[in-house]
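need coordinates for the following:
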Amino acid sequence: MSFARMALATLMSFTAVSALQADEITKLRIATEGAYPPFNFTGSDGVLTGFDVEIGNALCAEMKVECEWGTQVWDGMIPGLVAGKYDAIIASMSITEERLERISFSRSYYNTPSTIAVPKDSPVSDITPEALEGLLIGAQGGTTHSVVAEEIYSDADVSLYPTSEEYKLDIENGRMDAVIDDLGVLQSWVDSEAGSCCKIIGSLPIQPELHGQGIGVGVRKGQEELADRFSQAILAIRENGTYKTINDKYFSQDAFGE
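Alright, predicted model coming up:
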């Protein structure tokens, strides 16, 4: 489902939702990218799934609201929220100071590090800036991982891609020396047949000034009560075990962080 054809209906719905108190909302339109496995992607049955989506559904169930999911390209994610095309973003979006100037967030629901993968036959085994100097590094543009790449690996040649799937294709076909992304994304990929070309060589320490405050649910400014409801629901599914059940389906480590 795309939000592109929701213009008039969206505006009317946005007006109605905006007038409600957070605890009166019974239905939420949620945007995700749908192209960032294992966090959000379209399954073989054509249905949106992934860690973000399952966590989002669990949060909606905890909040006793109906979730209506749709996809949005990454670069248009925040503009679409601000314009009222949907009510929340659950799309592995980091809570950063820059984004907090435009939208509000719940508390984080996961926090995992930037990680480097290289071809299996690569002689590179170190993730220091010196080890990657002069190499071609791929990253998804507009993400905290691309910021990390450009800041820490400034002496490398960083190429930014619209989606993670595109940089994967380039390194699979020998057009890239290394890629940087979330640990969960790269671990899931290298463990699959599609990622058999490559190996993980290390993860960087989480640096709040670059990575932000973890991954949160984004809502419009003025919807802080809704953000708080999401935050309470996140803590509730951690407490009742739902989070762990979903986490263990996708990851060998606890993605929650601190």
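
what are the ranges of the helices in the stretch 151-258 of the chain?
Assigned by DSSP state H, counting those that start in this stretch, the stretch 151-258 of the chain shows helices spanning 164-172, 183-190, 208-211, 224-239, 242-250.

deepest-packed of those, please.
Among the helices of the stretch 151-258 of the chain, helix 183-190 has the highest mean neighbour count (mean count of other C-beta atoms under 10 Å), at a mean of 21. In short, each C-beta sits where N, CA and C put it, glycine included.

which strands or helices does that helix pack on?
Helix 183-190 is packed against strand 114-119, strand 198-203, with contacts defined by 3 or more C-beta pairs under 8 Å, 6 or more residues apart in numbering; DSSP states H and E.

the last one versus helix 183-190: what angle between them?
On the basis of axes from the mean of the first three to the mean of the last three C-alpha atoms, to 10 degrees, strand 198-203 is oriented at 160 degrees to helix 183-190.

same thing with the first one?
Interaxial angle, strand 114-119 versus helix 183-190 (the same axes, to 10 degrees): 20 degrees.

number of nearby residues for residue 67?
19 (other C-beta atoms under 10 Å).

related to what we said a few turns ago, of all the helices of the stretch 151-258 of the chain, which one is nearest residue 128?
Closest of these to residue 128 is helix 208-211, at 16.0 Å (criterion: C-beta to C-beta).

gap between residue 50 and residue 40?
Residue 50 is 4 Å from residue 40, where distance means C-beta to C-beta, to the nearest Å.

tell me the first helix or strand C-terminal of the helix or strand of the chain with the lowest mean pLDDT.
Least confident element among the helices and strands of the chain, by mean pLDDT, DSSP states H and E: helix 7-19 (a mean of 42). Per DSSP states H and E, the first helix or strand lying C-terminal to helix 7-19 is strand 27-32.

tell me the buried residues in that following strand?
28-32 (16 or more other C-beta atoms under 10 Å).

picking up where we left off before, please enumerate the shared neighbours of residue 50 and residue 40.
Contact criterion C-beta atoms under 8 Å, 6 or more residues apart in numbering; residues shared by residue 50 and residue 40: residue 32.

mind putting the helices of the stretch 151-258 of the chain into CSV with mean pLDDT and distance to residue 61?
Formatted as CSV, those follow (pLDDT from 0 to 100; distance: least, C-beta to C-beta, whole Å):
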stretch, mean pLDDT, distance to residue 61
helix 164-172, 97, 28
helix 183-190, 96, 23
helix 208-211, 90, 29
helix 224-239, 98, 9
helix 242-250, 98, 8
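
residue 116: which of those is closest?
Closest approach to residue 116 among those (C-beta to C-beta): helix 183-190, 8.0 Å.

now the closest one - C-alpha only, CSV.
Taking Å, rounded to 0.1, in the frame of the first residue of the first chain, the C-alpha atoms of helix 183-190 are listed here in CSV:
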residue,chain,number,x,y,z
LEU,A,183,24.3,-4.7,13.0
GLY,A,184,20.8,-6.4,12.6
VAL,A,185,20.6,-5.5,8.9
LEU,A,186,24.1,-6.8,8.0
GLN,A,187,24.0,-9.9,10.3
SER,A,188,20.7,-11.0,8.8
TRP,A,189,22.1,-10.4,5.3
VAL,A,190,25.4,-12.2,5.6
